[in-house]
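Novice: I would like the atomic coordinates for the input below:
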Amino acid sequence: MSIIQFENVSRIYTSGDHELRALDGVSFTLDEGKFVVILGPSGAGKSTLLNLLGGLDSPSEGTITVSGADISKLSDNALADYRASTVGFVFQFYNLIPTLTVYENVRLVSEISKGALDAKDMIGRVGLLDHLNNFPSELSGGEQQRISIARALCKNPKILLCDEPTGALDSETGVMVLKLLLDMAKNYGKTIVIVTHNQNIAKMADVVIRVKNGKIRSMEEQENPLSADEVEW
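Specialist: Predicted coordinates for the structure are as follows:
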């Protein structure tokens, strides 16, 4: 069943007489519960696409439909509700609040999301229950990223958007994070969308979208994607 549809979506930035098409006429459909990787070089339009899907930006042209609703026509308040309830965000740099403990960082989303899940349960799923009372500065990079994922999942989003989630991690920790994200797609029905330039991550995806110069160059469904353990890192 489809959950995301882009139809002729463009994002145009202007500066004086200069026009930059960060995305140019992009169309695709994604089914729920899929592990999706968007590949492309820097400046290809990957992050712009992710920001549009996350409701952080609005298209200049075209429509973006999520679960049957055209988010490109939502009011500011409705977009805020969409960001709070439908999508979760995981970034390369963890954006944890340094003065809050691990538990407090994750539990914080329950104040903005009505359907939030239990914070301790989410922290347990990322294997860090013994760090509940630690502050972010007391965690390794991989542990901080796992907590950021727990926080995103605590919102109980339908879609998890990840911008280079392993970019700042060593390969061993990166594999651990990717296993967790795969598990969320396969066993919990979350739609995972990862923006990256890492070709290895694409080998694990159900769907690979290649973007260049603001356009989709190819979209491939992989019948037998590799597991994180099968990929040579």
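
Novice: From now on I want contacts and neighbour counts done on CA atoms only, so please keep to that.
Specialist: Noted.

Novice: For stretch 12-28, buried residues please.
Specialist: Of the residues in stretch 12-28, Arg21, Ala22, Leu23, Asp24, Gly25, Val26, Ser27 count as buried by neighbour count, 16 or more other CA atoms under 10 Å.

Novice: Pull up the gap between the residue most central in space within the chain and Ser27, please.
Specialist: The residue lying closest to the centre of the chain (CA atoms, centre = their mean) is Leu161, at 1.1 Å. As for Leu161, its distance to Ser27 is 18 Å (criterion: CA to CA, to the nearest Å).

Novice: State the distance from Ala228 to Val195.
Specialist: With CA to CA as the criterion, Ala228 and Val195 are 17 Å apart.

Novice: okay, stretch 93-102 in PDB with CA atoms only?
Specialist: Extracted as PDB, the C-alpha positions of stretch 93-102 are listed here (Å, rounded to 0.1, in the frame of the first residue of the first chain):
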ATOM      1  CA  PHE A  93      24.600  15.100  14.200                       C
ATOM      2  CA  TYR A  94      22.400  14.000  17.000                       C
ATOM      3  CA  ASN A  95      20.700  17.200  18.200                       C
ATOM      4  CA  LEU A  96      20.300  15.900  21.700                       C
ATOM      5  CA  ILE A  97      19.700  18.500  24.500                       C
ATOM      6  CA  PRO A  98      23.000  18.400  26.500                       C
ATOM      7  CA  THR A  99      21.400  19.500  29.800                       C
ATOM      8  CA  LEU A 100      18.800  16.600  29.700                       C
ATOM      9  CA  THR A 101      19.400  13.000  30.600                       C
ATOM     10  CA  VAL A 102      19.000  10.200  28.000                       C
END
